[in-house]
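Chemist: Generate a structure from the sequence data that follows.
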Amino acid sequence: LDDVDEGRIGLWGDSGDAAAVLVVAAFADKVRAVVSYNPTFGDGPMSEPPDPAVAEEMGRVIEADSLPSEVELRFGPGPIVADIPTDETMSPSPTAFRWFFEYGGRHGSGWRNEWSYTRTATGVAFTPYDCLPLVEVPVLMVVGRDDEIQSAHPAASRQALSHVSGPTTWFDVDGGHFGALYTDSSAFDAAAAAEIDFLTSALA
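Modeler: Take a look at the predicted model:
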């Protein structure tokens, strides 16, 4: 893109994407900084360190010219949230239900309570944790002190950040997994200010 400065590219990700942007930073040379908000690194600290062999296999798949056409697993469409969650509900948390319907359901948003999942037969699991030592750029991790989503435990996030090779900053805020996403909240103001300061410095 002509209007993008290649030397000042930063990534921001939330929840599952907060782990995914760290994978991108591990393999994309043009990334200069990452903000990771409430990443999903598990329900507690991992017992084993990141595996460089797994990261190497992931890199091989990510950098390939094309992915296999064979589908290994297909799901959906199913509901993202539900007032009475089922096995098909992507996020059973009551706070997720509130967030998606209060914000996603706003007039004109175009949001649909629906998700689908397709996995091709690469033979390699997508494990962002194993890629963390390859991240050499500055990383800011913003985490809700009381994150209630099982796969985004703050202790797991703190451990994940410790494996990043580049400069790291930890910033915790009030509220759970969705707290700092409410734009009229003090948690949002605190997180946004920290993120702006970080990106301004990292991408100067």
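
Chemist: use CA for all of it now, contacts and neighbours both
Modeler: Will do.

Chemist: biggest helix in this structure by residues?
Modeler: Longest helix in the chain by number of residues (criterion: DSSP state H): helix 186-202.

Chemist: From the chain's centroid, how far away is that helix?
Modeler: 17 Å (C-alpha atoms, centre = their mean, to the nearest Å).

Chemist: Which residues does that helix contact?
Modeler: Applying C-alpha atoms under 8 Å, 6 or more residues apart in numbering, the external contacts of helix 186-202 come out as 10, 32-33, 35, 138, 140, 142, 171, 173-175, 179-183.

Chemist: Residue 154 is in contact with residue 143, correct?
Modeler: Yes. Between residue 143 and residue 154 there is a contact at 6.6 Å, judged by C-alpha atoms under 8 Å.

Chemist: joint contacts of the two?
Modeler: residue 38.

Chemist: The chain: helices as residue ranges?
Modeler: Applying DSSP H to the chain gives helices spanning 16-27, 52-62, 94-99, 154-162, 186-202.

Chemist: Including mean neighbour count and mean pLDDT, could those helices go into a markdown table?
Modeler: What follows is the helices of the chain, written out as a markdown table (neighbours: other C-alpha atoms under 10 Å; pLDDT from 0 to 100):
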| stretch | mean neighbour count | mean pLDDT |
| --- | --- | --- |
| helix 16-27 | 22 | 97 |
| helix 52-62 | 16 | 95 |
| helix 94-99 | 17 | 92 |
| helix 154-162 | 21 | 97 |
| helix 186-202 | 16 | 97 |
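
Chemist: isn't residue 170 right next to residue 140, touching?
Modeler: Yes. With contacts counted by C-alpha under 8 Å, residue 170 reaches residue 140, the gap being 6.0 Å.

Chemist: Compare these two and say which is more crowded by neighbours.
Modeler: Using other C-alpha atoms under 10 Å, the more surrounded residue of residue 170 and residue 140 is residue 140, with 22 against 14.
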